[in-house]
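Visitor: Sequence and predicted model, in that order:
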Amino acid sequence: MLAAGTFATAHILLTGVISGVIAAGLVSWPLHTERQPLDLLAIGLLTATGVFLFRKSANMPQLNNDGLQGFSANDWLAPTVAFVLISMYGSVRPAGDARRFGQARVLATIGAFAVNVITI
């Protein structure tokens, strides 16, 4: 049984998956290089994982309730976790063009934010 103000794991998982797919699509523009398939997959998976794990672990009414009309703490923070994970990936697998990787990271974060606000 779900507590009032919380979301089902399936709903959170779907939000994570949609965030990952959107992120992978958005980063295809700045990362149009020979490394693109691996980077797109990695950024998509990291975004999906970050959103899912954060939303699942912070699935409590006080974080899901909108403090600012239309935006909860979880809406703001789940994409931040994705940003951090993508940054860690960028440190382990340095991009050929740091500026383009930075653009990709920002686009993935914005995409995850939009999905979190719209789907949950």
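Guide: Noted; the coordinates are in hand.

Visitor: what's in contact with the helix-or-strand element of the chain with minimal mean pLDDT?
Guide: Least confident element among the helices and strands of the chain, by mean pLDDT, DSSP states H and E: strand 66-68 (a mean of 85). Contacting residues not belonging to strand 66-68 are listed as 72-73 [CB atoms under 8 Å, 6 or more residues apart in numbering]. Every C-beta, even on glycine, is put in place using the N, C-alpha and C of the backbone.

Visitor: strand partners of the helix or strand following it, parallel vs antiparallel please.
Guide: Remark: after strand 66-68, the chain's next helix or strand is strand 71-72, criterion DSSP states H and E. Using DSSP bridges, the strands paired with strand 71-72 in its sheet are strand 66-68 (antiparallel).

Visitor: Does residue 29 fall in a helix, a strand, or a coil region?
Guide: What DSSP: H, G, I helix; E, B strand; the rest coil gives for residue 29 is coil.

Visitor: Who are the contact partners of it?
Guide: Contacts here follow CB under 8 Å, 6+ apart; on that basis residue 29 touches residue 107.

Visitor: so how far is residue 36 from it?
Guide: Between residue 29 and residue 36 the computed distance is 10 Å (CB to CB, to the nearest Å).

Visitor: Check residue 6 too.
Guide: Taking CB to CB, one finds residue 6 at 38 Å from residue 36.

Visitor: repeat for residue 43
Guide: Distance of residue 43 to residue 36, given as CB to CB: 10 Å.

Visitor: which one of the two has more residues nearby?
Guide: residue 43 (27 against 13; other CB atoms under 10 Å).
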